[in-house]
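>>> The following comprises the amino acid sequence and a computationally predicted model.
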Amino acid sequence: MWDYPRPPKLVPDSRRVEVRLAALIIADSTQTYRVLETASPPTFYVPPMDVRLEFLQLSSGSSICEWKGAARYWTLKSHARSSEPVGWSYPNPNPPFETIASYFSFYPARLECYVEGERVQPQPGEFYGGWVTHEIVGPFKGRPGTESW
């Protein structure tokens, strides 16, 4: 991960990515992109055609990524945790990230995320959404005091 680039790099990934809430499948795709950025585990982005949009609703929150642009946040419809964002998307990302326009990424701390059947561990911290799998070696940002890495 320390050899990941800055600015981040967008990489196609054909491994099976699943996002679930117990038995409820939110997303299932083999046509994802990973964003690789120095000091962070990768984040997977799922095309909208592979996301069950009927389970999601747009949240009021937003943020700005210096590289990708303005993000929108998504919550689960009709769920006890409906006010907590479970994912985000970039409707109009900055170049060179236009490829992931309207793709979704999800927080592995809030939903069950899998890569080729391996349950993803969440990146530490409340803000970051990195996907930690067996191939990812830390340290990485997210713990207190690491935000400026």
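It's in. None of these values were measured; they are calculated from a predicted model.

>>> in this protein, which spans are strands?
Using DSSP state E, the strands assigned to the chain run over residues 9-13, 17-21, 24-29, 32-36, 43-45, 56-65, 69-76, 87-89, 104-106, 112-115, 118-119, 121-122, 131-132.

>>> and of these, who's closest to residue 97?
For residue 97, the closest of those is strand 9-13, at 6.1 Å, according to CB to CB. All C-beta atoms are positioned from the backbone trio N, CA, C, and that covers glycine.

>>> and that closest one, what does it pack onto?
strand 32-36 (3 or more CB pairs under 8 Å, 6 or more residues apart in numbering; DSSP states H and E).

>>> how big is the angle separating the strand it packs on from strand 56-65?
On the basis of axes from the mean of the first three to the mean of the last three CA atoms, to 10 degrees, strand 32-36 is oriented at 30 degrees to strand 56-65.

>>> neighbouring strands for strand 32-36, and are they parallel or not?
Its sheet considered, strand 32-36 pairs with strand 9-13 (antiparallel), strand 43-45 (antiparallel) by DSSP bridges.

>>> Identify, out of the ones you listed, the most deeply packed stretch.
Greatest average neighbour count among these goes to strand 43-45 (a mean of 26), per mean count of other CB atoms under 10 Å.

>>> List the contacts of it.
13, 17, 32-35, 100, 103-106, 113, 115, 129-131 (CB atoms under 8 Å, 6 or more residues apart in numbering).

>>> does the residue lying closest to residue 61 once chain neighbours are set aside have beta-bridge partners, and which?
Nearest residue to residue 61, sequence neighbours excluded (CB to CB, 6 or more residues apart in numbering): residue 73, at 4.3 Å. Beta-bridge pairing of residue 73, defined through DSSP bridges, involves residue 88.

>>> Can you tell me how far residue 73 is from residue 130?
Using CB to CB, to the nearest Å, residue 73 is found at 16 Å from residue 130.

>>> Quick check: closest non-adjacent residue to residue 51.
residue 27 (4.5 Å).
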